[in-house]
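**Student:** missing the sequence, but the structure's below:
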């Protein structure tokens, strides 16, 4: 796959009744938007003033809409369709409340795309805010481990739009449509690992609140897209369940295994 479009990055944000989170995301984009980087926002018909804020700041997102939709992944499809229509070469999904990791994150992403223009997916590490306020580094696993689940936060993945032709988020999955989407993207071309944090992830999202549903959906996706047998898929689900239990009941041990201080 050869990239025919000029390199332009669209940061795609979906929001529903989270005005403060949307403003926080916007704050992290200050100084990073311009001719090559733009912000697109889909609001699912919020009633907390989100639409009013978007109207007042309409010159910041180059595209936005506020209307009821069929849920998170339908809204993500709407922003992706808008990015396609507007001619962006790459997209990064950054939900309301999430932030870019640093003031130069967008520039570094553009530089990485320039080095590997034919990559279908680029992905990196993530910063994650803990309940005690600490911000720790969560390193990405290799994409070759995708059969075992998401190998980094979705907000730390940059997708090539040409590689996504005909691909979207399946709203039949309530939690794990991003996993199915990413597996589909991995089948479209090379993946490139970036060894620095791309996003600051805001915990407490849907995948963490409804982890059991997410595990069941991932198992179904692995069987459907990777052809895994029921025993293999169930074994991976069991390992995921153990990891979640360790995170919930032994958070200190989990943090030592999975996180690093950002300065390291």
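**Tutor:** Alright, I've got the coordinates. Note that the coordinates shown come from a computational prediction; the quantities given were computed from them, not determined experimentally.
**Student:** contacts only, for residue 147.
**Tutor:** Listed by C-beta atoms under 8 Å, 6 or more residues apart in numbering, the contact partners of residue 147 are 222, 226, 228, 236. No exception for glycine: its C-beta is placed from N, CA and C like everyone else's.
**Student:** and these, which two are furthest apart?
**Tutor:** Across the contacts of residue 147, the longest distance by C-beta to C-beta is 10.2 Å; it joins 226 and 236.
**Student:** related to what we said a few turns ago, the contacts of residue 147 in helices, which ones?
**Tutor:** 222, 236 (DSSP state H).
**Student:** still on that earlier bit, more neighbours: which of residue 226 and residue 236?
**Tutor:** residue 236 (18 against 12; other C-beta atoms under 10 Å).
**Student:** residue 87 looks like it's in a strand, true?
**Tutor:** No. Under the criterion used here (DSSP: H, G, I helix; E, B strand; the rest coil), residue 87 is coil, not part of a strand.
**Student:** now the closest residue to it other than its chain neighbours: which helix or strand?
**Tutor:** Computed as C-beta to C-beta, 6 or more residues apart in numbering, the closest residue to residue 87 that is not its neighbour in sequence is residue 5, at 6.3 Å. Following DSSP states H and E, there is no helix or strand that holds residue 5.
**Student:** quick one: the helices in this structure?
**Tutor:** 19-28, 50-56, 72-85, 105-115, 177-186, 206-209, 211-225, 230-249, 251-258.
**Student:** circling back: okay, now the residue nearest to residue 87: neighbour count?
**Tutor:** 13.
**Student:** quick check, it in contact with residue 91.
**Tutor:** No. The pair residue 5 and residue 91 does not pass the contact test of C-beta atoms under 8 Å, sitting 11.8 Å apart.
**Student:** so what sits against both of these two?
**Tutor:** With C-beta under 8 Å, 6+ apart, residue 5 and residue 91 have common neighbours residue 161.
**Student:** hmm, back to that, the helices of the chain: lowest mean pLDDT?
**Tutor:** Lowest mean pLDDT within these: helix 206-209, at a mean of 56.
**Student:** tally of neighbours for the closest residue in space to residue 88 that isn't next to it in sequence?
**Tutor:** The shortest distance from residue 88 to any non-neighbouring residue, by C-beta to C-beta, 6+ apart, is to residue 10 (4.0 Å). Using other C-beta under 10 Å, residue 10 has 25 neighbouring residues.
**Student:** what bridges to residue 10?
**Tutor:** residue 38, residue 91 (DSSP bridges).
**Student:** gap between it and residue 214?
**Tutor:** 26 Å (C-beta to C-beta, to the nearest Å).
**Student:** pull the residues that contact stretch 54-63.
**Tutor:** Contacts for stretch 54-63 (C-beta under 8 Å, 6+ apart): 13, 22, 26, 29, 33, 38-41, 43, 64, 66, 79, 82, 86.
**Student:** make it 6 Å
**Tutor:** Contact partners of stretch 54-63, identified using C-beta atoms under 6 Å, 6 or more residues apart in numbering, comprise 38, 39, 40, 41, 64, 82.
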